[in-house]
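Peer 1: can you look at this prediction? I've put the sequence above it.
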Amino acid sequence: MQKDFVIKAKHAVKRVAAISAGATLMGATMMGAVAADLSDYPAPFVTDGQLNGIVVVGATADMADMIGAGDIIATLTQATVTTGTSSTTTIGGKSDEVTLGLDVDSALDASPYTDSEIDGLIDGTIEFNDTDYDVHEALTFDTNLDVAISIGDDSEYGSNIYLETEDEGAFNYYFVFDEAFTANPTVAEPLKLNILGKDIRITAWATDNKFTLRAGTEAVLAQGESIEVDGKMVTIDTIGETTVAVSVDGETEFLSADDTEEIGSSGIEVEIEDILYTDDADSRAVMVFVGTDVSEEVTHGDSMELFGEPEEEADAEWIWYVDKTDNGNVAGSGTNMPVIGATHNQEWNDADDDMIGVGGRITLPNDYGYVELTGTTDVEYATYTISFDDSFDTEDENNVPVIKLSSNLDDEGFTIVDGTTHNVDTIYIRSGTASAAASFTYIDSDNDANDVAITGENTSETQVNLKFGDTDWNLGTTQLLNVTKTIFIEDATSGNITITVTQAVDAEGYLGTTAETAETAELDVGGTDIGTEDEDQRNAYGVIFNNPDSNGDNDKVEFTVPDDQVEATVTLAGPGASVTTATESVTINTVAGQKIISLDSDVSDPTATNMILVGGPAVNSLTAKALGLAFPTSGAASTVPEGAAMLKYVEDAFGGSNVVLIVAGWEKAETAAAASVLSQYATGSLSGDYQVVGTPSTAAVGGEATTE
């Protein structure tokens, strides 16, 4: 049975390798190992778009390990595409950057937006009863169209950014008369308009908020040409000097200029608007308005069924705006100046709604224009962690309890003033006593610990800064009898980040007021308590607080900080706008013929390359060897946390210069879960050279206690 399984495992390895070789991976360039940190993953296994390692599973492992290895390989394939720069340009529209959490209209310079800013919108004249009237089209927002985030809008948005409509009317289209119009159209003398790119004929408008219309298509056709309307072909058979022969489905009628008539019993009505007659039959043409013979009564607030909206107003995304005597209710109108429009009718402001994320848009009826959440500004992220440690050692002391503030950057992430300014990646906060000040401690280039006394209550923000690129925030503490009570980071954009801690002089501290228990108030961001949120949370600057509830249970705060404020790019476009995307230097590499995955029994030289070892020391012999254990080793001796899993880097594991990353669980399900977490590295949740996945059931450690 075991032999059969090994054969199947080898076959599976070949299949995964074959699939991966056809995917978008790159040729290998073997490079030396770098300082291993999970926050840098997929480095060093992918470097400069090149594959630099293999995935190894145990020959006797369960198929669950193979599935986990497949997850890892799938994301490595995505990471091995080398891309250059890409830019999107909207021509004839309006695009601007919007601060997260704020409304769109204020960033785009305030509506209404007309043809001077949005190409394709009408600014011209119409004719009615031999009188010309100036008209224009406009697009507007109100303050209910926001770029929404979790902190301040809906905590269930997580780290996502959405275009949110807080109420109806957030986005609107208007066709506006620029001068008074009090006439009443009739069937014989209709008001001819083009609304949202569709030709309509208003045949009655005696009530301010209600009119009757016929919809159709205006076209210029030559003799013998046809146009399809409502599934039927309308053909201009013959154009005479004063009469036109028009047929629909074999039925023909003869119409003169200005005639409107149903063609036979087809249900299609044709109006002859003008005849261009010449002696040359091929150059004759006729302007027609073609539509159904059905009239529709439209009332302000009705669903725009003419444009494909559902019958029920509550379900419609767009409803009619109708006001013949608008009297200035819409910007640009005035006394007795009619307005016809479309009003957005849905509230999309809950994570359960069909929210509009990056790349999504709200589109006007008839695709006449849109507002789009185009993207976000280009930033880099660094991961910061606040945790507690009771084993900090100095030259003179051992096992000192500290609060540890660390970044995943090398020798940067914080600045600390100690006579001169030092750039460091880690700061320690040591408790003082009633007679001795607390201190910030940093490790210098000589590996010596240096204490900087915290200078007084609430004033220490002048000593330490969190600094990453253009992000430069004061970091301080509040003290009671020289014992730290809170850590605060001064973010002027989103409000202070305040972390409540419990620190003792001679014992390991913890987050909040109760150890190993997330509390709502232990993490406050700009006045919003998020300590027990089980989704990532994003603030207006763009900082992402990673799973506060889970991290709080482990007395840790973890957050990713952009090197500059993140802003959303929002684009408004009309019917004449065009969008172009330019991309440079995109390289898609391949690993055809290159080994990507292997069984442990097939690895002849473990020093030859970097390796991701899937499975614990009970099922993967190379995992056992990397950990310095006999194979197989299970239970507590395996060092894997019981009931959980671990991601663990081991540098120079086999005496060479390469690195291995161990993905191992107590049981096969935990191994698969760890592989999944590794595959989701883009969430920014990985850090350090060792990370526990899941919650250990006891303090014991072990590792795939059975052979799966």
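Peer 2: Perfect, thanks for sending it.
Peer 1: residues touching residue 261, list them.
Peer 2: Shown in contact with residue 261 (CB atoms under 8 Å, 6 or more residues apart in numbering): 253, 255, 269-270. All C-beta atoms are positioned from the backbone trio N, CA, C, and that covers glycine.
Peer 1: try 10 Å this time
Peer 2: If you count contacts by CB atoms under 10 Å, 6 or more residues apart in numbering, residue 261 has them with 246, 253-255, 268-272, 293.
Peer 1: buried subset of these as a PyMOL selection?
Peer 2: Applied in PyMOL, the following selects the buried portion of the contacts of residue 261 according to 16 or more other CB atoms under 10 Å:
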select buried, resi 246+253+255+268+269+270+271+272+293
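Peer 1: ok, the contacts of residue 261 vs residue 230, which is closest?
Peer 2: Ranking these by separation from residue 230, with CB to CB as the measure, puts residue 268 on top at 6.7 Å.
Peer 1: what's the domain layout of the chain?
Peer 2: 2-82+592-702, 94-196+300-376, 213-296, 381-562 (automatic domain parsing).
Peer 1: could you pull up phi and psi at residue 670?
Peer 2: Main-chain torsions, residue 670, degrees, to the nearest 10: phi -70, psi -40.
Peer 1: and it, what's its pLDDT?
Peer 2: Model confidence at residue 670, given as pLDDT, is 92.
Peer 1: for the nearest residue to it once chain neighbours are set aside, what are its contacts?
Peer 2: Leaving aside its chain neighbours, residue 670 sits nearest to residue 645 (4.0 Å; criterion: CB to CB, 6 or more residues apart in numbering). If you count contacts by CB under 10 Å, 6+ apart, residue 645 has them with 68, 616, 662-667, 669-678, 691-694, 696, 703-704.
Peer 1: out of those residues, which are buried?
Peer 2: Neighbour-count burial (16+ other CB under 10 Å) applied to the contacts of residue 645 gives 68, 616, 662-667, 670-678, 691-694, 696, 703-704.
Peer 1: show me where the stretch 601-708 of the chain has strands.
Peer 2: Per DSSP state E, counting those that start in this stretch, the stretch 601-708 of the chain carries strands over the ranges 611-614, 640-641, 645-651, 659-665, 690-693, 701-702.
Peer 1: any chance of these in TSV, plus distance to residue 349 and mean pLDDT?
Peer 2: TSV is the format used below for the strands of the stretch 601-708 of the chain (distance: least, CB to CB, whole Å; pLDDT from 0 to 100):
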stretch	distance to residue 349	mean pLDDT
strand 611-614	42	96
strand 640-641	41	94
strand 645-651	37	93
strand 659-665	40	95
strand 690-693	34	93
strand 701-702	46	48
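Peer 1: in TSV, list those along with distance to residue 223.
Peer 2: As requested, the strands of the stretch 601-708 of the chain are exported to TSV (distance: least, CB to CB, whole Å):
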stretch	distance to residue 223
strand 611-614	73
strand 640-641	84
strand 645-651	76
strand 659-665	75
strand 690-693	75
strand 701-702	88
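Peer 1: nearest to residue 259, out of those strands?
Peer 2: Short answer: strand 690-693, nearest of these by CB to CB, at 77.9 Å.
Peer 1: give the pairing partners of the closest one; include direction for each.
Peer 2: With DSSP bridges as the test, strand 690-693 is paired with strand 645-651 (antiparallel).
Peer 1: now do the partner strand: distance to the chain's middle.
Peer 2: Here the centre of strand 645-651 is set off from its chain's centre by 30 Å, with CA atoms, centre = their mean, to the nearest Å.
Peer 1: tell me which residues in it are buried?
Peer 2: Neighbour-count burial for strand 645-651 flags 645-650 (criterion: 16+ other CB under 10 Å).
Peer 1: tell me the one of those residues nearest residue 55?
Peer 2: Closest to residue 55, out of all of the buried residues of strand 645-651 and judged by CB to CB, is residue 647, at 13.7 Å.
Peer 1: what segments of the stretch 601-708 of the chain are helices?
Peer 2: Applying DSSP state H, counting those that start in this stretch to the stretch 601-708 of the chain gives helices spanning 621-626, 668-679.
Peer 1: redo these as a markdown table? Include distance to residue 160.
Peer 2: Formatted as a markdown table, the helices of the stretch 601-708 of the chain follow (distance: least, CB to CB, whole Å):
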| stretch | distance to residue 160 |
| --- | --- |
| helix 621-626 | 36 |
| helix 668-679 | 19 |
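Peer 1: closest to residue 326 out of the ones you listed?
Peer 2: Going by CB to CB, the one of these nearest residue 326 is helix 668-679, 56.5 Å.
Peer 1: which strands and helices sit next to that closest one?
Peer 2: Using 3 or more CB pairs under 10 Å, 6 or more residues apart in numbering; DSSP states H and E, the elements in contact with helix 668-679 are helix 63-79, strand 611-614, strand 640-641, strand 645-651, strand 659-665, strand 690-693.
Peer 1: can you rerun that using 6 Å?
Peer 2: Under the contact definition 3 or more CB pairs under 6 Å, 6 or more residues apart in numbering; DSSP states H and E, helix 668-679 sits against helix 63-79, strand 645-651, strand 659-665, strand 690-693.
Peer 1: show me where pLDDT drops low in the stretch 1-150 of the chain?
Peer 2: The model of the stretch 1-150 of the chain has pLDDT under 70 over residues 1-35, 78, 80-90.
Peer 1: before we move on, back to that, and the domains of the chain: which comes nearest residue 568?
Peer 2: Taking CB to CB, domain 94-196+300-376 is the member of those nearest to residue 568, at 4.4 Å.
Peer 1: how far does that closest one sit from its chain's centre?
Peer 2: Here domain 94-196+300-376 shows a centroid-to-chain-centroid distance of 24 Å under the convention CA atoms, centre = their mean.
Peer 1: tell me how many other residues crowd residue 500.
Peer 2: For residue 500, the neighbour count with other CB atoms under 10 Å is 20.
Peer 1: distance check, it against residue 351.
Peer 2: Counting by CB to CB, to the nearest Å, the gap from residue 500 to residue 351 is 27 Å.
Peer 1: also residue 329?
Peer 2: As defined by CB to CB, residue 329 lies at a distance of 34 Å from residue 351.
Peer 1: more crowded one of these two?
Peer 2: More crowded of residue 329 and residue 351, by other CB under 10 Å: residue 351, with 15 against 10.
Peer 1: so what's that one closest to, chain neighbours aside?
Peer 2: Among residues not flanking residue 351 along the chain, residue 156 sits closest, at 3.6 Å (CB to CB, 6+ apart).
Peer 1: tell me how many other residues crowd the one you found.
Peer 2: Neighbourhood size, residue 156 [other CB under 10 Å]: 13.
Peer 1: how about residue 354?
Peer 2: 8.
Peer 1: could you confirm it falls within a strand?
Peer 2: No - applying DSSP: H, G, I helix; E, B strand; the rest coil, one finds residue 354 to be coil, outside a strand.
Peer 1: what about it, distance to residue 111?
Peer 2: 25 Å.
Peer 1: same check on residue 70?
Peer 2: Distance from residue 70 to residue 111, by CB to CB: 51 Å.
Peer 1: show me what the helix or strand hosting residue 362 is packed against.
Peer 2: Assigned by DSSP states H and E, residue 362 belongs to strand 361-363. Here strand 361-363 touches strand 370-376, going by 3+ CB pairs under 6 Å, 6+ apart.
Peer 1: who are the packing partners of the strand it packs on?
Peer 2: Right, strand 370-376 is packed against strand 361-363, strand 567-573 by 3+ CB pairs under 6 Å, 6+ apart.
Peer 1: can you list the strands that the first one pairs with?
Peer 2: The partner list of strand 361-363 in its sheet, established with DSSP bridges, is strand 370-376 (antiparallel).
Peer 1: got a list of contacts for the strand it pairs with?
Peer 2: Strand 370-376 has contacts (CB atoms under 6 Å, 6 or more residues apart in numbering) with 163, 171, 356, 358, 360-363, 566, 568-569, 571-573.
Peer 1: noted, bye for now.
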